[in-house]
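J.: Provided below are the primary sequence and the corresponding predicted coordinates.
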Amino acid sequence: MNKSTFNILGWFVPAGIFALLLFGCERDITDLDTATYPTNPEVFINGFSGGLNYAAFGGSVPTAFNVDNEVTLNNSAAAMRFEVPDYNDPRGAYAGGTYFTGVGRDLSGYNALTFWAKASKDASLDVVGFGNDLGANRYTVSINGLNVNTNWKQYIIPIPDPSKLNTERGMFFYSEGPEDEKGYTFWIDEVKFEKLGTITKPTAAILNGQDNTVTAEIGENITLTGLTATANLPSGVDQSVNPTPYYYTFTSSNTSVATVSETGIVTIVGAGDAIITAQMGNTAASGSLTINSVGAAIQPSAAAPTPTVDASKVISMFSNAYTNVPVDTWNTRWLYSTAEEFYVQIAGDDVIRYRNLNFVGIEFTSQTIDATNMTHFHLDIWTPDPTNAPKNFKVQLVDFGANNTYGGGDDVSHEITITAPVLATQSWVSINIPLSNFSGLTSRAHLAQLVLSGDLPNVYLDNVYFYNSATPPAVPTTAAPTPTDSPANVISVFSNAFTNIPATDLNPNWGQGTVVTQVAIAGNNTLKYAGLNYQGIQLGSNQNISTKQFLHLDYWTANSSSLKVYLISPGPIETPYTLTVPSTGWASIDIPLSSFAPVDLSNIIQLKFDGNGDIYLDNIYFK
């Protein structure tokens with residue numbers, strides 16, 4: 001045939017690989033059911049059939065497809081040429097697009113899409129198929145990993161149920177990325193739908209043809225996977241394809257227990273048993289899903305107790321009461337683990353639920369936890385299961401050792417077993433384990449794993465954290481860190497390490513209630529503010545600190561809940577900076593001087609602190 005009009009629509013598809021296009025918005029074609037649609041089977045034979053459009057997939061190279069008049073099948077007039085990019089090609093990550101018509105075609109009289117293909121080298125095409133029309137994509141069929149080589153070869157994609165394709169617009173689509181990070185070229189020619197009498201033994205399957213059984217609960221959704229259709233080709237080879245769920249008719253044996261949608265989503269609606277099966281046309285699909293529904297899940301009616309440990313003494317992994325450190329996963333799905341995790345809310349509180357728990361790995365290897373200064377490990381659990389002895393619940397902590405890496409001979413761990421009467425059924429149990437009880441955990445500077453196991457298959461988990469129960473000292477027992485900055489680069493207000501601004505008044509009479517003293521801490525002179533409400537420092541002379549970058553100070557407090565520092569220039573113009581309190585030991589901080597804008601850094605006259613509690617200060621200087 002002669003070349004026909006062919007529209008290239010470009011790459012207007014939203015970004016994403018073609019799989020994002022397989023299920024789109026539904027089109028209402030009810031009004032078109034009585035219309036007559038063309039039965040033209042040709043897609044590309046010496047050129048494109050009339051009315052065909054092309055759209056490149058988002059993220060692909062938009063110019064990957066071209067018509068080739070040189071490399072063709074049997075010296076025909078033209079073939080389709082596809083240029084696959086190299087890895088990291090700035091134009092796009094892969095070659096991919098779809099060919100579709102503006103008006104649907106009636107392809108119900110054909111049972112296969114056939115085409116010829118060759119490549120510049122041996123390769124495996126990621127995906128080829130039909131049915132992607134940039135719309136509903138209801139009847140998409142694809143083959144993954146189609147092997148091509150340097151010789152022309154015919155390929156056949158069997159249609160699972162031709163009766164579905166009475167208004168089809170998606171004629172052909174493809175997606176292929178670099179092979180071994182290198183691009184290459186492949187060609188496709190003679191693309192058409194055919195009625196082949198040599199395609200035999202059509203079969204269909206769900207769940208890859210397996211008969212599976214699951215235990216489920218009301219409200220749970222299960223997506224049927226492993227959807228395949230197979231036919232025997234003229235070569236004698238059985239060719240399997242990936243059809244969409246719309247090719248199937250799904251059935252539930254007991255809709256009061258489980259229903260199944262046309263997209264293969266099973267919804268549990270009641271207690272009891274049901275079997276989900278499927279049919280493709282007149283062919284029964286192999287494979288089934290037996291549902292054993294236990295009904296509604298038994299869960300707590302109240303949230304776990306709210307933790308009362310001060311946040312400054314906590315390293316939290318999971319709790320609404322604290323800021324949590326990063327955890328890579330709450331279920332590593334290690335081999336032989338049957339645990340399933342769900343993130344639920346109980347009375348507005350976030351909780352992790354484990355079902356079918358035999359053991360579960362929890363990992364935080366990307367940012368290990370240093371619990372050296374912690375004294376206890378805490379978690380709250382709730383279970384509907386019997387907890388009478390010898391039922392148990394186990395907690396294991398794993399430290400990756402000094403090399404902070406799994407293996408290497410320095411990993412250590414220890415497991416604690418908890419039994420009744422600590423355990424209880426249908427009641428929140430707060431478990432506080434002294435870290436000293438983990439006797440095998442000889443180091444805990446690089447904790448990386450938590451493993452939960454035992455005899456309780458259903459566990460709700462909350463408030464997982466390490467904490468320090470020790471009463472902090474009322475005064476610092478060690479001196480503030482010795483500064484390492486060069487004296488030549490420092491303007492010092494208060495420090496034993498530098499020469500301070502002469503005539504500075506550390507306790508001007510501003511009507512404050514703060515009691516100011518200087519005390520020796522481990523032989524180091526330290527400024528103490530007892531009962532702070534506010535307190536000023538009057539510099540001995542106006543200071544130009546505009547060439548400096550930071551205000552440095554060291555501070556220590558065990559009981560403050562509010563602490564701010566101010567720089568003041570004439571006016572007065574003053575700006576506060578909020579410090580984190582209480583501190584855990586000496587806190588050393590370099591505050592960017594830009595934080596104090598609009599204070600005039602060329603004319604600083606005073607500093608001020610306000611807040612509460614007892615504050616110890618040292619090494620106050622500009623640098």
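T.: Yep, that arrived. Residues are numbered from 1 along each chain as shown.
J.: now do the helix or strand hosting residue 191: distance to the chain's middle.
T.: When elements are defined using DSSP states H and E, residue 191 is found to belong to strand 184-194. Offset of strand 184-194 from its chain centre (CA atoms, centre = their mean, to the nearest Å): 38 Å.
J.: I figured residue 521 hits residue 554, correct?
T.: No. The pair residue 521 / residue 554 is not scored as a contact, 10.7 Å apart, by CB atoms under 8 Å. Placement of C-beta: from N, CA and C, glycine included.
J.: neighbour count winner among these two?
T.: Just comparing residue 521 and residue 554: by other CB atoms under 10 Å the higher neighbour count belongs to residue 554, 22 against 18.
J.: and stretch 414-422, what's buried?
T.: Buried positions in stretch 414-422, judged by neighbour count with 16 or more other CB atoms under 10 Å: 414, 416, 418, 419.
J.: err, stretch 300-310, not the other one
T.: Counting neighbours by 16+ other CB under 10 Å, stretch 300-310 gives 300, 303, 304, 307, 309 as buried.
J.: the helices in the stretch 1-150 of the chain, which residues?
T.: Counting by DSSP state H, counting those that start in this stretch, no segments of the stretch 1-150 of the chain form helices.
J.: tell me where it has strands.
T.: Remark: strands assigned in the stretch 1-150 of the chain by DSSP state E, counting those that start in this stretch are 6-10, 42-44, 52-56, 65-68, 79-84, 95-105, 112-119, 123-130, 141-148.
J.: common neighbours of residue 521 and residue 554, please.
T.: Common neighbours of residue 521 and residue 554 (criterion: CB atoms under 8 Å, 6 or more residues apart in numbering): 480, 618.
J.: roughly how far does the residue in the chain sticking out farthest from the centre sit from residue 129?
T.: For the chain, the largest distance from the centre (CA atoms, centre = their mean) belongs to residue 503, which lies 58.3 Å off. To residue 129, residue 503 is 85 Å away according to CB to CB, to the nearest Å.
J.: mean pLDDT for the strands of the stretch 1-150 of the chain: which is lowest?
T.: Ranked by mean pLDDT, the strands of the stretch 1-150 of the chain bottom out at strand 6-10, with a mean of 40.
J.: let me know whether residue 381 touches residue 460 as I believe.
T.: Yes. Applying CB under 8 Å as the test, residue 381 and residue 460 come out as touching, 6.7 Å apart.
J.: with secondary structure as extra columns, can I get the buried residues of stretch 300-310 in CSV?
T.: Formatted as CSV, the buried residues of stretch 300-310 follow (DSSP: H, G, I helix; E, B strand; the rest coil):
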residue, secondary structure
300, coil
303, coil
304, coil
307, coil
309, coil
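J.: closest one of these to residue 334?
T.: For those, the closest approach to residue 334 (CB to CB) belongs to residue 304, at 26.3 Å.
J.: nearest to residue 474, of the strands of the stretch 1-150 of the chain?
T.: strand 123-130 (67.5 Å).
J.: make JSON lines out of the strands of the stretch 1-150 of the chain and add mean neighbour count and distance to residue 244.
T.: Putting the strands of the stretch 1-150 of the chain into JSON lines (neighbours: other CB atoms under 10 Å; distance: least, CB to CB, whole Å) gives the following:
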{"stretch": "strand 6-10", "mean neighbour count": "14", "distance to residue 244": "23"}
{"stretch": "strand 42-44", "mean neighbour count": "22", "distance to residue 244": "20"}
{"stretch": "strand 52-56", "mean neighbour count": "21", "distance to residue 244": "19"}
{"stretch": "strand 65-68", "mean neighbour count": "16", "distance to residue 244": "24"}
{"stretch": "strand 79-84", "mean neighbour count": "22", "distance to residue 244": "24"}
{"stretch": "strand 95-105", "mean neighbour count": "23", "distance to residue 244": "15"}
{"stretch": "strand 112-119", "mean neighbour count": "21", "distance to residue 244": "15"}
{"stretch": "strand 123-130", "mean neighbour count": "21", "distance to residue 244": "10"}
{"stretch": "strand 141-148", "mean neighbour count": "18", "distance to residue 244": "8"}
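J.: now these in a markdown table, with distance to residue 606?
T.: Output for those, formatted as a markdown table (distance: least, CB to CB, whole Å):
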| stretch | distance to residue 606 |
| --- | --- |
| strand 6-10 | 65 |
| strand 42-44 | 82 |
| strand 52-56 | 66 |
| strand 65-68 | 72 |
| strand 79-84 | 69 |
| strand 95-105 | 67 |
| strand 112-119 | 78 |
| strand 123-130 | 69 |
| strand 141-148 | 73 |
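J.: now for the closest residue to residue 254 other than its chain neighbours: which residues touch it?
T.: Closest residue in space to residue 254, ignoring its immediate chain neighbours: residue 274 at 3.9 Å, by CB to CB, 6 or more residues apart in numbering. Taking CB under 8 Å, 6+ apart, we find residue 274 in contact with 252, 253, 254, 255, 257, 258, 290, 291, 293.
J.: one more: residue 550?
T.: 590, 591, 592, 593, 622, 623.
J.: that one bridge partners, please.
T.: Beta bridges link residue 550 to residue 592, judged by DSSP bridges.
J.: okay, it: pLDDT?
T.: In this model, residue 550 is scored at 97, pLDDT.
J.: same question, the one 10 residues further on
T.: The per-residue pLDDT reported for residue 560 equals 89.
J.: so it versus residue 508, what's the distance?
T.: Distance from residue 560 to residue 508, counting by CB to CB: 21 Å.
J.: please enumerate the strands of the stretch 301-450 of the chain.
T.: Listed in chain order, the strands of the stretch 301-450 of the chain (DSSP E, counting those that start in this stretch) span 314-318, 340-346, 349-355, 359-363, 376-382, 392-399, 412-419, 429-434, 447-454.
J.: pLDDT below threshold where in the protein?
T.: Within the chain, the ranges that satisfy pLDDT under 70 run 1-35, 472.
J.: circling back to that earlier point, name the nearest residue to the residue farthest from the centre of the chain, sequence neighbours excluded.
T.: In space, residue 503 is closest to residue 540, 3.2 Å off (CB to CB, 6+ apart).
J.: quick one: contacts for the one you found?
T.: Listed by CB under 8 Å, 6+ apart, the contact partners of residue 540 are 501, 502, 503, 504, 505.
J.: among these, who's most crowded?
T.: residue 504 (19 neighbours).
J.: from residue 280, how far out is the closest residue to it other than its chain neighbours?
T.: Counting by CB to CB, 6+ apart, the nearest residue to residue 504 once its immediate chain neighbours are dropped is residue 540, at 4.3 Å. From residue 540 across to residue 280, the span is 91 Å (CB to CB).
J.: and for residue 477, the neighbour number?
T.: 9.
J.: to clarify, my last question referred to residue 594.
T.: 9.
J.: just residue 402 next, same as before
T.: By other CB under 10 Å, neighbour count at residue 402 equals 11.
J.: that one against residue 446, yeah?
T.: Yes. In this structure, residue 402 is within contact of residue 446 by CB under 8 Å, at 7.4 Å.
J.: re the thing from before, ok so the residue nearest to residue 504 is a strand residue?
T.: Yes. Residue 540: assigned to a strand according to three-state DSSP.
J.: show me what contacts residue 299?
T.: Applying CB under 8 Å, 6+ apart to residue 299 gives the contacts 344, 346, 353, 382, 384, 460.
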